[in-house]
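Enquirer: Okay, here's the prediction I keep looking at, along with the sequence it came from:
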Amino acid sequence: MPGVLIGLLIVFGFVILFFLYLIGLYNNLVALKNRFQNAFAQIDVQLKRRYDLIPNLVETAKGYMGHEKETLEAVIKARNTAMAAGQQAAANPGDPKAIQNLSTAEVALAGSLNRFIGLAEAYPDLKANQNMLALQEELTSTENKISYARQAFNDAVMHYNTACESFPNSLVAGFGNFQRASLWELTAPEEREPVKVKF
């Protein structure tokens, strides 16, 4: 009888260790998911900063570029579209469609900003305006921070996806309904063009 009891205790111990191991795998996936969601939140912070700078940039240029109304309105419209796409993506940073919509909206915004900056170069008084110069510097700094935040997001997504797809994590991921997250990828050549903010 004591041998059977010892055998049952050993089996019970192994079962407990196995469940603790599964709990550890699950908690690791949760931590990785939270890490990529936090990485997206950092992108979101920088995008909001840029969205706040754009109206100031347009407002500063308005007095000098009064007859370029269509360009100014296009920038604001692209900003609003990108902002809405950003809010949708922030609600679920793992949703491939939301990330793709945000990427597309950001490309449109970058194109509008590049056209705006290109037109602004034709106005020497605007180029010398201290507010405009300060806003350009802020926008350049923000663009750099957005690039770094995107890289951190993609790194976090890669680690999360690798963990979800690796055995035995894949079993726990399937059981815990951990879905594959999407990288922030640039698919069109024009998406790779940076916003040029120098006059």
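Expert: Sure thing, it's come through.

Enquirer: rest of the way, CA atoms for contacts and neighbours
Expert: OK.

Enquirer: Need the single longest helix in this structure, by residues.
Expert: Counting by DSSP state H, the longest helix found in the chain is helix 2-62.

Enquirer: Buried ones in the helix or strand following that one, by neighbour count?
Expert: Downstream of helix 2-62, the first helix or strand assigned by DSSP states H and E is helix 69-91. Counting neighbours by 16 or more other Cα atoms under 10 Å, one finds that the buried residues in helix 69-91 are 71-72, 74-76, 78-79, 81-83, 85-86, 88-90.

Enquirer: got a pLDDT number for the nearest residue to Ile76 once chain neighbours are set aside?
Expert: Closest residue to Ile76 in three dimensions, ignoring its sequence neighbours and counting by Cα to Cα, 6 or more residues apart in numbering: Pro55, at 6.9 Å. Note on Pro55: pLDDT of 90.

Enquirer: Now do the longest helix of the chain against helix 69-91, angle only.
Expert: 170 degrees (axes from the mean of the first three to the mean of the last three Cα atoms, to 10 degrees).

Enquirer: and helix 2-62, how far out from the chain's middle?
Expert: 16 Å (Cα atoms, centre = their mean, to the nearest Å).

Enquirer: For that helix, name the packing helices and strands.
Expert: helix 69-91, helix 130-165, helix 169-175 (3 or more Cα pairs under 8 Å, 6 or more residues apart in numbering; DSSP states H and E).

Enquirer: Could you report the separation of Glu185 from Val4?
Expert: To Val4, Glu185 is 59 Å away according to Cα to Cα, to the nearest Å.

Enquirer: ok, these two, which is more surrounded?
Expert: Neighbours per residue (other Cα atoms under 10 Å) separate Glu185 from Val4, with Glu185 holding more: 13 against 9.

Enquirer: who's in contact with the more buried one?
Expert: For Glu185, the contact set (Cα atoms under 8 Å, 6 or more residues apart in numbering) comprises Ser103.

Enquirer: Please report how far it lies from Thr104.
Expert: 10 Å.
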